[in-house]
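A.B. asks: take a look and give me a structure for this.
(one chain, ligands or ions: 2)
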Amino acid sequence: MPAVIEVQDLTKTYAGGFQALRNVSLSINRGEIFALLGPNGAGKTTLINIVCGIVNLTSGKVFVDGHDIINEFRLARAKIGLVPQELPAESFETVWNTCRFSRGLFGKGADPEHIENVLKSLSLWDKKDTIGMALSGGMKRRVLIAKALAHEPEILFLDEPTAGVDVELRLDMWGVVKSLREQGVTVILTTHYIEEAEQLADRVGVINNGEIILVEEKNKLMREMGKKQLMLHLYDELDDVPLQLSNYDLELSPDKRELTYTYDTKGEHTGITDLINDLRRSGIRFNDLQTSQSSLEDIFVDLVKKT
Ligand SMILES: Nc1ncnc2c1ncn2[C@@H]1O[C@H](COP(=O)(O)OP(=O)(O)OP(=O)(O)O)[C@@H](O)[C@H]1O
Ligand SMILES: [Mg+2]
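C.D. replies: Ligands and ions are numbered 1, 2, ... in the order given. Model prediction:
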């Protein structure tokens with residue numbers, strides 16, 4: 001798949017000397033959903049704002065569909081829709097006009113039907129004649145998404161699209177993103193709801209302290225870094241894990257009632273059958289067992305802790 005966004009050795013130092021991005025290189029494939037994850041202040045918004053031409057880069061190159069974002073700014077920008085993290089100041093414009101004007105700004109001819117579809121997909125149709133300042137926070141965020149889609153961009157940046165919105169909008173938004181992917185739109189999103197990335201993303205990038213520390217297919221990441229656990233609720237209290245079980249990764253709970261076995265998801269054998277046989281041989285009985293699998297959230301927290 002050819003890259004639709006190519007970031008090469010990008011560095012950003014803000015006026016005042018703070019270095020927000022250090023030698024970031026990243027390729028985004030056409031048609032994928034890419035989730036950019038990282039703690040507060042990691043540099044996600046800075047990276048997105050540079051690609052969208054809102055923040056100037058210090059050094060490095062960025063290409064959008066082959067267009068250099070500095071020398072061919074208009075061509076590059078026309079491909080992009082941006083849903084910014086910050087809600088803009090109150091507006092006296094109606095929802096309908098906000099979307100209509102935004103489309104015009106990118107030189108696209110009027111297309112009321114497209115705008116109607118976008119507003120309906122975001123449950124905003126009944127608010128089309130309401131002015132911005134009369135909308136709730138969640139509705140304002142929906143309008144930002146509608147506005148970003150008004151000119152039918154090939155690439156959509158969603159910078160924390162579901163911060164402070166209700167469950168319903170979150171689900172609506174996921175539906176919109178999935179249907180955009182079906183239409184071939186490339187979506188780059190940042191989120192602090194890791195579950196959102198787990199639901200939507202094809203690939204995940206993790207950024208910390210201005211550096212990309214990992215880029216991986218989500219499924220591969222979860223397979224390779226995920227761990228599974230088996231929890232055994234013991235019949236009798238156990239003082240210590242017996243020596244003959246020392247080759248298993250076992251942990252005894254402080255109340256001596258639960259034994260947790262951690263195993264790799266990428267290994268061919270889980271070792272569970274062997275463990276259960278060995279437990280029986282050691283005379284350890286259990287009356288309940290449960291398994292759990294680490295989420296993308298656990299993996300992410302682990303990654304960021306290590307750097
Ligand atoms: N205009 C600015 N001037 C100086 N420093 C800035 C400016 N904008 C951002 N920064 C700094 O750059 C760093 C990265 O900020 P950025 O907004 O890119 O982080 P982020 O990953 O989007 O965080 P969050 O998850 O909180 O949105 C932060 O330390 C921030 O304080
Ligand atoms: Mg941000």
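
A.B. asks: give me the nearest residue to residue 23, chain neighbours excluded.
C.D. replies: The shortest distance from residue 23 to any residue that is not its chain neighbour, by Cβ to Cβ, 6 or more residues apart in numbering, is 5.4 Å, and that residue is residue 9. In short, each C-beta sits where N, CA and C put it, glycine included.

A.B. asks: how far away from the center of its chain is the host helix or strand of the one you found?
C.D. replies: Element membership of residue 9, judged by DSSP states H and E, is strand 3-13. Chain-centre distance of strand 3-13: 19 Å, with Cα atoms, centre = their mean, to the nearest Å.

A.B. asks: sorry, back to before: tell me the contacts of the residue nearest to residue 23?
C.D. replies: 23-25, 59-61 (Cβ atoms under 8 Å, 6 or more residues apart in numbering).

A.B. asks: mind doing that once more with 10 Å?
C.D. replies: With contact set as Cβ atoms under 10 Å, 6 or more residues apart in numbering, residue 9 has these partners: 22-25, 59-61.

A.B. asks: can you go through these and name the buried ones?
C.D. replies: Judged by neighbour count, with 16 or more other Cβ atoms under 10 Å as the criterion, the buried members of those are 24, 60.

A.B. asks: now flag whichever of the contacts of residue 9 is closest to residue 240.
C.D. replies: residue 22 (47.6 Å; Cβ to Cβ).

A.B. asks: can you check the pLDDT for the closest one?
C.D. replies: Predicted confidence (pLDDT) at residue 22: the value is 97.

A.B. asks: name the SS class of it, please.
C.D. replies: On the three-state scheme (DSSP: H, G, I helix; E, B strand; the rest coil), residue 22 is labelled strand.

A.B. asks: how about the residues of the chain by ligand 2?
C.D. replies: By the criterion of Cβ under 5 Å from the ion, the positions of the chain lying close to ligand 2 are 44-45, 85.

A.B. asks: will you turn those into a markdown table that also has neighbour count, secondary structure and distance to residue 252?
C.D. replies: Output for the residues of the chain next to ligand 2, formatted as a markdown table (neighbours: other Cβ atoms under 10 Å; DSSP: H, G, I helix; E, B strand; the rest coil; distance: Cβ to Cβ, whole Å):
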| residue | neighbour count | secondary structure | distance to residue 252 |
| --- | --- | --- | --- |
| 44 | 25 | helix | 40 |
| 45 | 20 | helix | 45 |
| 85 | 16 | coil | 45 |
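
A.B. asks: nearest to ligand 2 among these?
C.D. replies: Of all the residues of the chain next to ligand 2, ligand 2 sits closest to residue 45, with 3.1 Å by Cβ to the ion.

A.B. asks: my read: the closest one touches residue 14, true?
C.D. replies: No: with contacts defined as Cβ atoms under 10 Å, residue 45 does not count as touching residue 14, sitting 12.0 Å away.

A.B. asks: overlap in contacts, the two.
C.D. replies: Taking Cβ under 10 Å, 6+ apart as the contact definition, residue 45 and residue 14 share the neighbouring residues 20, 55.

A.B. asks: may I have the longest helix along the chain exported as CSV, CA atoms only?
C.D. replies: For the chain, the helix with the greatest residue count under DSSP state H is helix 167-182. The C-alpha coordinates for helix 167-182 follow below in CSV (Å, rounded to 0.1, in the frame of the first residue of the first chain):
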residue,chain,number,x,y,z
VAL,A,167,-21.4,7.0,25.0
GLU,A,168,-23.9,7.5,22.2
LEU,A,169,-21.8,10.0,20.3
ARG,A,170,-18.8,7.8,20.8
LEU,A,171,-20.6,4.9,19.2
ASP,A,172,-21.9,7.2,16.4
MET,A,173,-18.4,8.4,15.8
TRP,A,174,-17.1,4.9,15.6
GLY,A,175,-19.8,4.1,13.1
VAL,A,176,-18.8,7.2,11.0
VAL,A,177,-15.1,6.3,11.1
LYS,A,178,-15.9,2.7,10.0
SER,A,179,-18.1,3.9,7.1
LEU,A,180,-15.4,6.4,6.0
ARG,A,181,-12.9,3.6,5.9
GLU,A,182,-15.3,1.7,3.6
